[in-house]
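J.: Okay, sequence plus prediction incoming.
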Amino acid sequence: MKELLYRLFEHQYLNRDEAKTVLTNMAEGKYNDAQIAAFVTVYLMRSITVDELIGFREALLEMRVPVSLSEYNPIDIVGTGGDNHNTFNISTLSCFVLAGAGYKVAKHGNYGATSVSGASNVMEQHGVKFTRDNDLLRRSIEETNIAYLHAPLFNPALKTVAPVRKALQVRSFFNVLGPLVNPIQPKRNMLGVFNLKMARLYYYMYQQENIDFIIVHSLDGYDEISLTSDFKVIDKNGERMYSPESLNFERISQKELDGGNTPEDAAKIFDNILSNTSTKAQKNTVIINSAFAIRTIDSSLSLDACIDQAKESIESGVALNTLKKFIALNN
């Protein structure tokens with residue numbers, strides 16, 4: 001690792017095989033925490049290359065615990081994280097809104113490394129027990145339309161580096177990798193990114209995979225549709241800019257999306273939104289993200305129709321009942 005770090009400090013890059021090897025060694029515990037921290041820090045000072053990303057991803061996917069849900073053709077809704085805005089769990093909420101609307105979801109998530117509450121934090125707050133039991137995951141997606149895959153159970157390297165990521169409390173290339181290493185490799189993805197450079201990197205990756213995808217980025221730096229600014233949407237057909245007003249939503253302030261100071265705070269916001277007792281800003285943010293996720297699944301639907309489906313899932317109580325059934329099955 002020492003020689004590798006010297007190369008990286010001199011602004012050199014890894015080829016695909018080198019990147020794959022270093023991630024494999026990391027998962028096997030061949031590096032100490034200080035070495036891992038130094039390696040991770042390199043990618044705060046420069047962008048990851050396509051070859052490095054592909055190599056890291058290949059390593060994680062080769063080591064992953066196998067699980068099969070492909071016959072359900074589910075969608076994953078995920079943000080890279082690392083946008084330093086500490087929002088509540090918008091992507092995870094959107095997953096339950098979609099499940100309530102009748103769509104199949106396979107949510108790949110982890111504990112928050114750069115925010116108070118990641119997807120796994122809010123799931124734990126609800127008493128969810130994580131599993132890699134394929135039969136239970138299948139039962140969950142069949143009975144509730146959603147299965148939750150806690151990343152460290154399926155990717156040993158993510159478990160190895162978790163303490164270092166939490167201690168550093170800054171975004172790293174693992175934020176970039178997370179959306180690409182869902183163990184079931186879904187053919188439908190809605191992804192939020194914290195900058196446009198990252199959006200184009202994922203666009204390249206998704207184009208190679210020939211999957212259905214939508215990438216979203218709010219221009220004021222959110223890795224989701226925040227309704228605090230104009231936002232860009234990228235799919236197979238190109239790029240398009242939207243404003244909240246163009247979709248009949250009010251523009252909101254950043255403080256209205258704050259996730260609180262503890263996982264308990266985030267869980268309360270989560271429950272309020274699905275109970276339809278949240279603020280209008282919180283509810284609308286989840287609705288618009290859910291709508292674009294529905295559009296990822298069925299591009300023939302108008303955005304208005306997708307918005308109506310998302311709104312109905314919350315306001316009818318179906319999304320909340322889906323959460324309750326999911327908790328009962330997974331506790």
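T.: Received, thanks.
J.: okay, the helix or strand containing residue 304 in CSV with CA atoms only?
T.: Assessed by DSSP states H and E, residue 304 sits inside helix 303-315. Output of helix 303-315 as CSV, limited to C-alpha atoms (Å, rounded to 0.1, in the frame of the first residue of the first chain):
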residue,chain,number,x,y,z
LEU,A,303,-45.2,13.5,-15.3
ASP,A,304,-48.6,14.7,-14.1
ALA,A,305,-49.8,11.1,-14.0
CYS,A,306,-46.7,10.0,-12.1
ILE,A,307,-47.2,12.9,-9.6
ASP,A,308,-50.8,11.9,-9.1
GLN,A,309,-49.8,8.3,-8.4
ALA,A,310,-47.2,9.3,-5.8
LYS,A,311,-49.6,11.7,-4.1
GLU,A,312,-52.3,9.1,-4.0
SER,A,313,-49.9,6.6,-2.4
ILE,A,314,-49.3,9.0,0.5
GLU,A,315,-52.7,10.6,0.9
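J.: as a whole number, average confidence for it?
T.: Confidence over helix 303-315 (mean pLDDT, whole number) is 98.
J.: now do stretch 207-225
T.: Stretch 207-225 shows a mean pLDDT of 91.
J.: from the chain's centre, how far out does it sit?
T.: A distance of 11 Å separates the C-alpha centroid of stretch 207-225 from that of its chain, computed with C-alpha atoms, centre = their mean, to the nearest Å.
J.: Going by neighbour count, which residues of it are buried?
T.: 212-218, 222-225 (16 or more other C-beta atoms under 10 Å). Any C-beta I mention is one placed from the backbone N, CA and C, and that applies to glycine too.
J.: Quick one: residues contacting the residue nearest to residue 123 when sequence neighbours are not counted.
T.: In space, and not counting its chain neighbours, residue 123 is closest to residue 148: 6.0 Å by C-beta to C-beta, 6 or more residues apart in numbering. Counting by C-beta atoms under 8 Å, 6 or more residues apart in numbering, residue 148 touches 107, 109, 119, 123, 128, 130, 140, 326, 330.
J.: Please name the residues that touch the fourth one.
T.: Right, residue 123. Counting by C-beta under 8 Å, 6+ apart, residue 123 touches 92, 109, 130, 148, 150.
J.: Pairing partners for the residue nearest to residue 123 in the sheet, please.
T.: For residue 148, the beta-bridge partners are residue 107 (DSSP bridges).
J.: That one and residue 80, how far apart?
T.: Distance, residue 148 to residue 80, using C-beta to C-beta, to the nearest Å: 19 Å.
J.: ditto for residue 244
T.: 22 Å.
J.: What of residue 183?
T.: For residue 183, the distance to residue 80 (C-beta to C-beta) stands at 18 Å.
J.: For those two, work out which one has more neighbours and name it.
T.: Set side by side, residue 183 and residue 80 show more neighbours around residue 80, with 24 against 21, by other C-beta atoms under 10 Å.
J.: and the two most separated of the contacts of residue 148?
T.: Taking C-beta to C-beta, the two most distant members of those are 119 and 140; they sit 14.9 Å apart.
J.: what pLDDT, on average, does the top helix by length along the chain get?
T.: Across the chain, the helix with the greatest residue count (assigned by DSSP state H) is helix 280-297. The predicted model gives helix 280-297 an average pLDDT of 97.
J.: Which strands or helices does it pack on?
T.: Applying 3 or more C-beta pairs under 8 Å, 6 or more residues apart in numbering; DSSP states H and E, one finds that helix 280-297 contacts strand 75-79, helix 90-100, strand 188-192, strand 212-218, helix 263-274, helix 303-315.
J.: Could you write out the alpha-carbon coordinates of the fourth one in CSV?
T.: If I follow you right, that is strand 212-218. As requested, the backbone C-alpha atoms of strand 212-218 are provided in CSV (Å, rounded to 0.1, in the frame of the first residue of the first chain):
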residue,chain,number,x,y,z
ASP,A,212,-33.6,2.0,-17.6
PHE,A,213,-32.3,5.0,-15.5
ILE,A,214,-32.9,8.5,-14.5
ILE,A,215,-30.2,10.7,-12.9
VAL,A,216,-31.2,13.8,-11.0
HIS,A,217,-29.2,16.7,-9.7
SER,A,218,-30.4,19.9,-8.1
